[in-house]
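**Student:** No letters, just coordinates:
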């Protein structure tokens, strides 16, 4: 039986892939300098211009997807009697998952045929995107909704996310660290290393002096933790630094026999929180602890 794969725009996959795989997306809205921008995976906006504005000190804000939006998205598939598998942004970072669950419960009050499976990705950015990518590949290969959902639940905690942020002052402007910490970090050229914990939240892992060392740190940690790289597609994400992303890809390829490595820019929602220059690597390894 056919089914619909749905995700949200926090997965940061390119819209070309989304369209090729016939995935429906619940889009977020980003606000910057009085402008409203729909995060539609880069289809209708200039990512590079957005990244440049972040680099120049602009602060963007985002809002979560409400229950009503989920009802609107899900209801058309319920009416058409099409099962849905929705892969949601981490519940530890936003209320998307809980709102989607609430929307399904409301739909069940009006319809007897609601067939919607929701998976909390416990991931963000292209970590969520990697899970969506793997789900789409399995769906295309003929896997059922139940089989894909089972794979996601069995493997989502094996997703490793290694992230560094280049602009500490951006974290200060967004209210995520104090002005003193930002000033000291800038003076000392400190680059934070961030990971996704078992609950799906973003937490500090360490600090590295210097940009080059921070990127090498991400590579080394990915190589150290990866399992069966020859069967894996690794994702590298970045905010406005494609040359550095390419260098990281080459370094990974020099150390690993990996199936494939794909480089994608962040979408505006995630970039709003990380700032210009953020870079991350996503792969599968042992279950994260």
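**Tutor:** Structure received. In this text the structure is predicted, and so the values were computed from the model without any measurement.

**Student:** Once you drop chain neighbours, what's closest to the residue sitting nearest the centre point of the chain?
**Tutor:** Nearest to the mean C-alpha position of the chain, by Cα atoms, centre = their mean, lies residue 125 at 1.4 Å. The shortest distance from residue 125 to any non-neighbouring residue, by Cβ to Cβ, 6 or more residues apart in numbering, is to residue 270 (4.6 Å). Where C-beta positions appear, they are placed from N, C-alpha and C, glycine not excepted.

**Student:** ditto for residue 115
**Tutor:** Once flanking residues are discounted, residue 115 sits nearest to residue 83: 4.1 Å by Cβ to Cβ, 6+ apart.

**Student:** show me what contacts that neighbour?
**Tutor:** 1-4, 77, 115-117, 145 (Cβ atoms under 8 Å, 6 or more residues apart in numbering).

**Student:** Who wins on neighbours among these?
**Tutor:** Counting neighbours by other Cβ atoms under 10 Å, residue 116 leads the contacts of residue 83 with 23 neighbours.

**Student:** Next, format the contacts of residue 83 as JSON lines and append pLDDT and distance to residue 206.
**Tutor:** Shown next, in JSON lines, are these (pLDDT from 0 to 100; distance: Cβ to Cβ, whole Å):
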{"residue": "1", "pLDDT": "66", "distance to residue 206": "47"}
{"residue": "2", "pLDDT": "93", "distance to residue 206": "46"}
{"residue": "3", "pLDDT": "98", "distance to residue 206": "41"}
{"residue": "4", "pLDDT": "98", "distance to residue 206": "41"}
{"residue": "77", "pLDDT": "98", "distance to residue 206": "43"}
{"residue": "115", "pLDDT": "98", "distance to residue 206": "44"}
{"residue": "116", "pLDDT": "98", "distance to residue 206": "40"}
{"residue": "117", "pLDDT": "98", "distance to residue 206": "37"}
{"residue": "145", "pLDDT": "98", "distance to residue 206": "39"}
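
**Student:** quick check, nearest of the residues you listed to residue 90?
**Tutor:** In terms of Cβ to Cβ, no member of the contacts of residue 83 lies closer to residue 90 than residue 117, at 17.1 Å.

**Student:** my guess is that closest one is in a strand, correct?
**Tutor:** Yes: counting by DSSP: H, G, I helix; E, B strand; the rest coil, residue 117 is located in a strand.

**Student:** Report the beta-bridge partners for it.
**Tutor:** With DSSP bridges as the criterion, residue 117 is bridged to residue 85.

**Student:** thought it was touching residue 152?
**Tutor:** No: taking contacts as Cβ atoms under 8 Å, residue 117 lies outside contact range of residue 152: 9.4 Å.

**Student:** For the residue nearest to the centre of the chain, report the pLDDT, please.
**Tutor:** Per-residue confidence (pLDDT) for residue 125: 96.

**Student:** wouldn't it be in contact with residue 268 here?
**Tutor:** No: contact between residue 125 and residue 268 fails when scored by Cβ under 8 Å: they sit 11.7 Å apart.

**Student:** May I have the residues that are in contact with residue 260?
**Tutor:** Applying Cβ under 8 Å, 6+ apart, the residues near residue 260 are 232-234.

**Student:** Mind doing that once more with 6 Å?
**Tutor:** Residue 260 is in contact with residue 233, counting by Cβ atoms under 6 Å, 6 or more residues apart in numbering.

**Student:** what's the answer for residue 37, then?
**Tutor:** Counted by Cβ under 6 Å, 6+ apart, residue 37 has contacts 30, 45, 268.

**Student:** now do residue 190
**Tutor:** Applying Cβ under 6 Å, 6+ apart to residue 190 gives the contacts residue 207.

**Student:** Pull up the gap between it and residue 214, please.
**Tutor:** 9 Å (Cβ to Cβ, to the nearest Å).

**Student:** from memory residue 239 sits against residue 278, does it?
**Tutor:** Yes: here residue 239 lies in contact with residue 278, judged by Cβ atoms under 6 Å, at a distance of 4.6 Å.

**Student:** ok, so what distance separates residue 23 from residue 11?
**Tutor:** The gap separating residue 23 from residue 11 is 9 Å, by Cβ to Cβ.
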